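Asks: Build me a model:
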Amino acid sequence: MPLPVYRTIADMRAQVVAWKADGLRVGLVPTMGALHAGHLSLVAEIAKNCDRIIASIFVNPTQFAAHEDLDTYPRDEAADLAALETTATDCVFAPSAAEMYPDGFTTQILMHGPAQGLETDNRPHFFGGVALIVNKLLSQSQADAAIFGEKDYQQLLVIRRMVRDLNLPVEILAGPIIREADGLAMSSRNVYLSEAQRPIAGKLNTVLKALAASPKPHGEAEAEAAAALLEAGFTGVDYVTIRDADTLALPDANTKNRRALIVARLGDVRLLDNMAAL
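Replies: As a prediction, this is how the structure comes out:
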């Protein structure tokens, strides 16, 4: 039996109301489609915690700048639905842009704290758009829990901060990074890699592992990692850094947990990855 697909907020909410009337715990897996094994792993992870699962599919325009790939972002709803039917997903919320942002929509969210720097150095609009759409999805679904992948680590911390600051009654779970055989973190944008670029992309994880395990002072280790990426064939490095894993501030003597984060480019393809560091 095909998964129910709801196109309107009212229809999805009606389903959630029925579930909650039965005392069921509802989980949300927000996605922008172009699903891969990493997304499906989030469904499996949240299924351990919830009785019913909504997967949303919505390419959110407010997190794309005018020069970015909104129009060309990979979309294949039929394939996405087929993939979700193999999981514990109970329904899909796939609204239109007009449903999510009707005429006259003007609200924005301004994020600070973990939203400052790193991704916003290159994409200053990004986390405002992410916070807005996640806030809307949480409100619309009335989910008890939602899950986000650790691959977008800064995004995960931003969402947790927003939920905490706004006292939203939802638990934010984290899903581990799912990788290809050579260590490349799975991403919807990996389809943009050419045949020649793909083996270079796999070296990102090798450089990241060395950075995360380096006993050298952070500045020295970061410089070595950036040089290694360029030597491996990457065409640009947006950032290579070790940060406080809880706040993304620069680590100091009181920092208990550290995170190594890298974003590098292969032509027009932007690849990001991270892992726990010494």
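
Asks: I figured Leu184 hits Thr206, correct?
Replies: No. Leu184 is not in contact with Thr206 according to C-beta atoms under 8 Å; the separation is 10.1 Å. Using the backbone N, CA and C atoms, a C-beta is placed for each residue, glycine as well.

Asks: Compare the two (neighbour count), which wins?
Replies: Leu184 (20 against 14; other C-beta atoms under 10 Å).

Asks: Restricting to C-alpha, output the helix or strand of the chain with the lowest mean pLDDT in PDB.
Replies: Ranked by mean pLDDT, DSSP states H and E, the weakest helix or strand in the chain is helix 119-122, scoring a mean of 94. Output of helix 119-122 as PDB, limited to C-alpha atoms (Å, rounded to 0.1, in the frame of the first residue of the first chain):
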ATOM      1  CA  GLU A 119      28.900  28.200   7.100                       C
ATOM      2  CA  THR A 120      27.700  31.800   7.500                       C
ATOM      3  CA  ASP A 121      31.100  33.200   6.400                       C
ATOM      4  CA  ASN A 122      30.200  32.000   2.900                       C
END
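
Asks: and that helix, which residues are buried?
Replies: For helix 119-122, the neighbour count (16 or more other C-beta atoms under 10 Å) marks Glu119, Thr120 as buried.

Asks: Quick check: next helix or strand after it?
Replies: Later in the chain than helix 119-122, the nearest helix or strand by DSSP states H and E is helix 126-141.

Asks: average model confidence for that following helix?
Replies: Mean pLDDT, helix 126-141: 98.

Asks: Contacts for the helix or strand following that helix, please.
Replies: For helix 126-141, the following helix or strand on the C-terminal side (DSSP H and E) is strand 145-149. Contact with strand 145-149 is made by 25-30, 38-39, 42, 45-46, 49-50, 134, 137-138, 155-156, 159, 170-178, as judged by C-beta atoms under 8 Å, 6 or more residues apart in numbering.

Asks: change it to 6 Å
Replies: 27-29, 42, 45-46, 49-50, 156, 159, 170-173, 175 (C-beta atoms under 6 Å, 6 or more residues apart in numbering).

Asks: Out of those residues, which two sit at the greatest distance?
Replies: Maximum pairwise distance among those (C-beta to C-beta): 18.2 Å, between Cys50 and Leu156.

Asks: more crowded one of those two?
Replies: Cys50 (24 against 20).

Asks: Spatially nearest residue to the more buried one (excluding sequence neighbours)?
Replies: Excluding the flanking residues, the one nearest Cys50 by C-beta to C-beta, 6 or more residues apart in numbering is Gly27, at 3.2 Å.

Asks: Now do the contacts for that neighbour.
Replies: Contacts of Gly27 (C-beta under 6 Å, 6+ apart): Ile46, Cys50, Ile53, Ala145.

Asks: how big is the angle separating the host helix or strand of the third one from helix 126-141?
Replies: Think Ile53. Using DSSP H and E, Ile53 falls within strand 52-57. Here strand 52-57 runs at an angle of 140 degrees relative to helix 126-141 (axes from the mean of the first three to the mean of the last three C-alpha atoms, to 10 degrees).

Asks: For strand 52-57, which outside residues touch it?
Replies: By C-beta under 6 Å, 6+ apart, strand 52-57 touches 19, 24, 26-31, 33, 80, 84, 88-94, 137, 141.

Asks: picking that back up, where does the residue nearest to Cys50 land on pLDDT?
Replies: 98.

Asks: so how far is Asp268 from it?
Replies: For Gly27, the distance to Asp268 equals 35 Å [C-beta to C-beta, to the nearest Å].

Asks: Over to Ile262. Which of the three states is it?
Replies: Following DSSP: H, G, I helix; E, B strand; the rest coil, we place Ile262 in the strand state.
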